[in-house]
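K.L.:
dropping the sequence and predicted coords here.
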Amino acid sequence: MPKHTDNIAKSAILIEQVSKVYHIGLRRRPVTAIQQLSLEVAAGETFAFLGLNGAGKTTTIKMLLDHARPTTGRVWLFGKEAILADSRARVGYMPDLPHFYRFLTTHELLIYFAKLFGLPADLTARRITELLKLVGLERREHEPLKGFSRGMLQRVGLAQALINDPELLILDEPLGGLDPVGRHQFHSIILDLKKRGKTIFFSSHILEDAEKVADRVGIIHHGRLIASGALRDLLQSNAGWIAEVESHGIYSLADLTVKYGWKVTTEGTLSTIIIKDDDGLDKLNRLVGEGSLKIRSLTPQHLTLEETFLKEVERWDR
Amino acid sequence: MMRIIAVAQTTFRETIRNKVLLHLFGFALAMMLVGWIVSNWSLGEPEKVVADIGLSVSVLVGCAIALFSGIVLVWGEVEKQTILPIIAKPITRAEFIIGKFFGFASAVSAVYLGMNLILLTLLAIVGTPVTPGLLAAIYLSFWEVLLVVALALVFSSFSAPTMSALFTTMIFIAGRFSGDIALYIESYPLSASRPLLEGIYALIPHLHYFNLRIEAVHNLPIGWADLVWPSLYGALYCTILVWISAIVFKKRDLA
């Protein structure tokens, strides 16, 4: 089997060279929402899809679920093309703005969605009981949804996304409308699903949430994937180093600041240099080789996801 | 099939619980009562006035419900984003459209049936016997209502409510006058507008096929052919419209 076909079959999500162009207004002005996006999410992974508002997160999710069709490129879910209804049989989806039928109750809504998955009645009844307990709505299951707050609708949204016990959970801004208690409960639920081996793909602009639960991260900006990888690697690759050096007098503090643009602070005989990238590290090594500096310590710097995100976005915008 | 039934059940439930339907039902009831009151001032045969007004009100209110609720049937789902979690399930767009049609048609049928039960009660009160002709007229008008449901569904699957209302109303009016268009074509075979009129006549629904109200009110004979052929025509036309809706809806983005 060729590697490409093998990837399609093995991945929970495979997005290949996808672009999406919308035509807006009477003149059908083309607006590119997604450009040449390629992404792979392996089964069992928790993937955070990060980006600013309007970056293309929701459009990408729409293409995963056949809410919108790619202008070019293809999308697969568990080896089946996303344009096929069957590809969504093992998928659960929670929209960013949870809108449901106003005159239905939670119970009726969950039965409806269970029927769309073809679940038998006894299994449906069992799942509904479990899920209502999980999201804390067991006492309000027979109330019409029109009276629910956004936070409660968000809980209904999670319950319906889990009705088929999905292998892949796609969550669009899942924590947006929740209070701190709700967010904590959601985190626990997502971590529990992760422990159970579920694949989770979620979009967010709340980076703290992503940092808590994601294994891998992708950053989308102006419709392009500008960074992706394991969370740890991404944070380290952006972090830089802090070097404590002794200067042998050839270079002054001011020289290093001007010549290399380094931020240098001196305390006694020791100078501390913040080095941002590999290029800076090479320069430092050269100086050490020349005998200009002596390194006392070199410590990798740890960035938060927020710092990494901002750095990537700034780098791209430059 | 199970998915179509699930969509239909939910659409029926959601439509029937909407108070707008109740208000239109109340309006129909009020109009029938007005017809009853007016019939007392008519010059003879008040029962025919009640039957005539009642039959017309039930079909017009049925069509109005089909039109005003139908034009937001799919558009509303997309606009309010209630469709997103549905299409995220293993259901095809065609199944969704077919389910929507049957669910909404069932809800409109229930209201139409309710209105006509009230009409029959009123007729019993004024002493008009329920004739087979009256039941035939009620039955055929039901197909007219179904056709408006299907028409509204087509426009709702790609267009905003204002445009859908405009197009559906235009076709509904043209359909109501389809008999006159046919008569004009026959009367003026050499008219320059004949090809255009023939084209329009071929496309618009021939709603005059479903009008047996005069025959019913005046106890004129109605044959089986008057019921069977219009029913088949109505079923075929609805099928084509639902099919067009499914094709149009399949291609559009839900965003």
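P.N.:
Received, thanks.

K.L.:
any stretches of chain B with poor pLDDT?
P.N.:
Scanning chain B for pLDDT under 70 picks out the ranges B:42-44, B:255.

K.L.:
so what touches stretch B:199-218?
P.N.:
By CB atoms under 8 Å, 6 or more residues apart in numbering or on different chains, the surrounding residues in contact with stretch B:199-218 are B:48, B:51-52, B:55-56, B:59, B:131, B:133-134, B:136-137, B:140-141, B:143-144, B:147, B:151, B:171-172, B:174-179, B:181-182, B:185, B:220-222, B:226, B:229-230, B:233-234, B:237. C-beta: built from backbone N, CA, C; applies to glycine.

K.L.:
let me know the secondary structure of A:T299.
P.N.:
Here A:T299 is recorded as strand under DSSP: H, G, I helix; E, B strand; the rest coil.

K.L.:
for the spatially closest residue to it that is not a sequence neighbour, which residues are in contact?
P.N.:
Once flanking residues are discounted, A:T299 sits nearest to A:I242: 4.8 Å by CB to CB, 6 or more residues apart in numbering or on different chains. The contact partners of A:I242, taken as CB under 8 Å, 6+ apart, are A:272-275, A:298-299, A:301.

K.L.:
try B:M2
P.N.:
If you count contacts by CB under 8 Å, 6+ apart, B:M2 has them with A:115, A:118.

K.L.:
how does it look with 6 Å?
P.N.:
A:G118 (CB atoms under 6 Å, 6 or more residues apart in numbering or on different chains).

K.L.:
what's the helix or strand for the residue nearest the centre of chain B?
P.N.:
Centroid-nearest residue in chain B: B:V145, 1.3 Å away (criterion: CA atoms, centre = their mean). Assigned by DSSP states H and E, B:V145 belongs to helix B:132-156.

K.L.:
ok, A:A33 next?
P.N.:
Assigned by DSSP H and E, A:A33 falls within strand A:29-42.

K.L.:
chain center to stretch A:78-88: distance?
P.N.:
The chain centroid and the centroid of stretch A:78-88 are separated by 21 Å under CA atoms, centre = their mean, to the nearest Å.

K.L.:
hmm, that stretch in reach of chain B?
P.N.:
Yes. Judged by CB under 6 Å from any CB of the partner chain, stretch A:78-88 comes into contact with chain B through A:85-86, A:88.

K.L.:
of those residues, buried ones?
P.N.:
Applying 16 or more other CB atoms under 10 Å in any protein chain shown to the residues of stretch A:78-88 next to chain B, the neighbour count classes A:85, A:88 as buried.

K.L.:
how about the residues of the stretch 1-150 of chain B by chain A?
P.N.:
By CB under 6 Å from any CB, the residues of the stretch 1-150 of chain B that approach chain A are B:2-3, B:6, B:10, B:14, B:17, B:80-82, B:84-85, B:87-92.

K.L.:
narrow these to those that are buried.
P.N.:
Counted by 16+ other CB under 10 Å, the residues of the stretch 1-150 of chain B next to chain A give B:3, B:6, B:10, B:14, B:17, B:81-82, B:84-85, B:87-92 as buried.

K.L.:
nearest to A:K80, of these?
P.N.:
Ranked by distance to A:K80 (CB to CB), those are led by B:P90 at 10.2 Å.

K.L.:
A:G51 contacts A:I220, doesn't it?
P.N.:
Yes. Using CB atoms under 6 Å, A:G51 makes contact with A:I220 at a distance of 4.0 Å.

K.L.:
what do the two both touch?
P.N.:
The contact sets of A:G51 and A:I220 overlap at A:K57 (CB under 6 Å, 6+ apart).

K.L.:
the residues of the stretch 1-150 of chain B next to chain A in helices, which ones?
P.N.:
Using DSSP state H, the subset of the residues of the stretch 1-150 of chain B next to chain A located in helices is B:2-3, B:6, B:10, B:14, B:84-85, B:87.

K.L.:
any idea which of those residues is closest to chain A?
P.N.:
Proximity of those to chain A was ranked by CB to the nearest CB; the top entry is B:A6 with 3.7 Å.

K.L.:
now do the contacts for residue 55.
P.N.:
With no chain named, the answer covers chain A. A:A55 is in contact with A:220-221, counting by CB under 6 Å, 6+ apart.

K.L.:
other chain: chain B
P.N.:
Listed by CB under 6 Å, 6+ apart, the contact set of B:L55 reads B:137, B:213.

K.L.:
for B:V248, same thing?
P.N.:
Contact partners of B:V248, counting by CB under 6 Å, 6+ apart, are B:157-158.

K.L.:
can you tell me how far it is from B:S157?
P.N.:
Separation of B:V248 from B:S157 (CB to CB, to the nearest Å): 5 Å.

K.L.:
ok, the most far-flung residue of chain B relative to its centre to A:A82 distance?
P.N.:
The centre of chain B is farthest from one residue, B:L190, which by CA atoms, centre = their mean lies 34.5 Å away. Distance, B:L190 to A:A82, using CB to CB: 58 Å.

K.L.:
per-residue confidence at the residue nearest the centre of chain A?
P.N.:
Centroid-nearest residue in chain A: A:A48, 1.7 Å away (criterion: CA atoms, centre = their mean). Listed pLDDT for A:A48 reads 90.

K.L.:
ok, now how distant is it from A:R216?
P.N.:
In terms of CB to CB, A:A48 sits 7 Å off from A:R216.

K.L.:
okay, the residues of stretch A:78-88 next to chain B in CSV with pLDDT and secondary structure next?
P.N.:
As requested, the residues of stretch A:78-88 next to chain B are exported to CSV (pLDDT from 0 to 100; DSSP: H, G, I helix; E, B strand; the rest coil):
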residue, pLDDT, secondary structure
A:A85, 91, helix
A:D86, 90, helix
A:R88, 93, helix
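
K.L.:
fine, thanks again, bye for now.
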